[in-house]
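Trainee: Quick one, fold the following:
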Amino acid sequence: MTREFPPFLRELLASVPEPGQGHAWLYKVARQLHAHLPALEIVTLLETSAANHGQRFTHREIVEAVQNSVAAAWQPNGRPRPMQAASKWPCVDQARRTAIIRDGGALARLWEASPVRLADNEAHTEEIIDRLFPGNSLLCCGKSNSVFDTRPREAWRGKLAAMQLLVPSPMSAIEGVTKEGKPSRHTLSNTGPRKFLICEFDTGAIDEHAALLLHLAAFAPMVCAVHSGRKSLHGWFLVHAQPDAKVEKFFRYAVNLGADPSTWTRSQFVRMPDGTRDNGNRQTVFFLNFKPLEAPAKR
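Mentor: Coordinates of the predicted model:
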């Protein structure tokens, strides 16, 4: 297959980098390959090339690189590719959504169903993060999308209540590389395996969001529900060690009910539980259940 490619592309395919530096390589090669192969064949070729050079990526990492590089796909004439990519995610099923939210009173039910209730006015951010991320995990946290850092958990001690954002999975390294090949402490390349999948609803009333999260909790263990400090509610679902296909099926259903698909990206910032939004509002936690974190993962 590689014999049909230009020499520079054959060399690029053969120059698989050392572990920890491969995500920029995936994006760079995929961007070039779009001019020669359909997406499915690009995924297969990248898997084979990486394996032949002793590098290992998950199937999901390679698929994301291929999908993310479509918009920047190289073309011989230098013009953007004349294509309209179909959305990966399903449209909202308004009838199903309406049937789930019709009874009302869901925010009160969400609060009443919470095994742990934060009834005082104290900041509980530190203890929540200790339970969600035990040990001294690397955490990427931020005051904004442009002011952030990745540090060991203990280096964040006492600072988290003032933060509004974090990546909902431990990081695999202090620093990674962006899609453009630039070093950064908040990238997909230095985000570790997915631990929590966040389902965010921001259309409709917060009571509706609570109803949808309670409904989804019947299909996956919900450990936390956080208000954004503005208009949305974020549900944290434990998916650690679950098969990618199972997790994606669950998330597709959530999107079908109106969840924002952007949180599928592992490195996407979400709201810090009991943190502080940039408008000064508290990101209130309405639901906490640490029991799923104590149980062995079921595959």
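Trainee: Give me the nearest residue to the spatially most central residue of the chain, chain neighbours excluded.
Mentor: Central residue of the chain (CA atoms, centre = their mean): Arg266, 2.8 Å from the mean position. Once flanking residues are discounted, Arg266 sits nearest to Thr191: 4.7 Å by CB to CB, 6 or more residues apart in numbering. Every C-beta, even on glycine, is put in place using the N, C-alpha and C of the backbone.
Trainee: from what I can see that neighbour touches Gln268, true?
Mentor: No - at 9.2 Å, Thr191 does not count as touching Gln268 under the criterion of CB atoms under 8 Å.
Trainee: Looking at these two, which one has more neighbours?
Mentor: Higher neighbour count among Thr191 and Gln268: Thr191, with 24 against 18, using other CB atoms under 10 Å.
Trainee: For that one, give its distance to Arg185.
Mentor: Thr191 sits 11 Å away from Arg185 when distances are taken as CB to CB, to the nearest Å.
Trainee: Over to Leu160?
Mentor: 16 Å.
Trainee: higher neighbour count, the two?
Mentor: The neighbour comparison of Leu160 against Arg185 (other CB under 10 Å) goes to Leu160, with 22 against 17.
Trainee: Helix or strand for Asn279, just tell me which one.
Mentor: Using DSSP states H and E, Asn279 maps to neither a helix nor a strand.
Trainee: care to break this structure down by domain?
Mentor: 2-72, 94-294 (automatic domain parsing).
Trainee: Contacts made by the helix or strand hosting Leu214 with the rest, please.
Mentor: If you go by DSSP H and E, Leu214 is part of helix 206-216. With contacts defined as CB atoms under 8 Å, 6 or more residues apart in numbering, helix 206-216 is touched by 97, 100-101, 103-107, 109-110, 113, 199, 201-202, 222, 225, 227, 231-233, 235, 237, 250, 253-254, 257-259, 286-287.
Trainee: Give me the contacts around stretch 239-259.
Mentor: Here stretch 239-259 makes contact (CB under 8 Å, 6+ apart) with 58-60, 89-93, 96-97, 100, 193-197, 199-201, 203-204, 212, 215-216, 219-220, 237, 261, 264, 297, 299.
Trainee: Just the ones of the residues you listed in strands?
Mentor: Counted as lying in strands by DSSP state E, out of these, are 196-197, 199-201, 237.
Trainee: what's near enough to touch the nearest residue to Asn289 once chain neighbours are set aside?
Mentor: Excluding the flanking residues, the one nearest Asn289 by CB to CB, 6+ apart is Pro115, at 4.9 Å. In this structure, Pro115 makes contact with 288-291, judged by CB under 8 Å, 6+ apart.
Trainee: who wins for most neighbours among those?
Mentor: Within the contacts of Pro115, neighbour counts (other CB under 10 Å) peak at Leu288, which reaches 23 neighbours.
Trainee: Any chance of the backbone angles for it?
Mentor: Per-residue torsions, Leu288: phi -140, psi 130 (degrees, to the nearest 10).
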